[in-house]
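A.B. asks: pasted the sequence and its predicted model underneath.
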Amino acid sequence: MEMKILNGNKRELWVVIITLLALLSIFSLTHFFSIYPGGYSIEKQSGEVLIGKGADNKRVALNNNVLNELKIASFESKIAHLKTLWYVGLLFTATCLIGTITFKRLMLKKAAIITVSIYVVLAILIIFSYANTISSIENSINNLIK
């Protein structure tokens, strides 16, 4: 009986370690290389703005007026919001996975069910917010190009 419990704890420990390593890897890819769903980035270079979406980059030449600066600032804010939603979604997913495993191990079936239910509801909300932000970014790109 004791051996079975120790093996279960080892397996759960490995799930937690792999989850945390995956989370760290995905955070690094997002932060350093802008690899995340949407993959938007913006870079200002001598009167031009480079708008990137994954491997697709579009150069937009803008004159230095207040309206264009406000559009660029708005675009940068939307990209930051999108990345924040991505980070929150990742953290929330990892937390719920680890919490559910812990609740299962502690034989707290109701707590595990409640955790998964809350996760599903919040995941749906995050996905809708993510989709709206991507749509807003696409509109901002089209407005900058015009």
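C.D. replies: Received, thanks.

A.B. asks: wait, is residue 41 part of a strand?
C.D. replies: Yes: per DSSP: H, G, I helix; E, B strand; the rest coil, residue 41 lies within a strand segment.

A.B. asks: how many residues are close by it?
C.D. replies: Applying other Cβ atoms under 10 Å, we find 16 residues neighbouring residue 41. C-beta: built from backbone N, CA, C; applies to glycine.

A.B. asks: bridged to it, which residues?
C.D. replies: Beta bridges link residue 41 to residue 52, judged by DSSP bridges.

A.B. asks: chain center to the host helix or strand of residue 134, what's the gap?
C.D. replies: Per DSSP states H and E, residue 134 falls inside helix 109-145. Taking Cα atoms, centre = their mean, to the nearest Å, one finds the center of helix 109-145 at 10 Å from the center of the full chain.

A.B. asks: which strands or helices does it pack on?
C.D. replies: When contacts are defined as 3 or more Cβ pairs under 8 Å, 6 or more residues apart in numbering; DSSP states H and E, helix 109-145 sits against strand 48-53, strand 56-61, helix 66-105.

A.B. asks: will you turn the ones you listed into a markdown table that also has mean pLDDT?
C.D. replies: Formatted as a markdown table, the helices and strands packed on helix 109-145 follow (pLDDT from 0 to 100):
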| stretch | mean pLDDT |
| --- | --- |
| strand 48-53 | 75 |
| strand 56-61 | 60 |
| helix 66-105 | 85 |
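
A.B. asks: could I get those in CSV, plus columns for mean neighbour count?
C.D. replies: Output for those, formatted as CSV (neighbours: other Cβ atoms under 10 Å):
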stretch, mean neighbour count
strand 48-53, 16
strand 56-61, 11
helix 66-105, 16
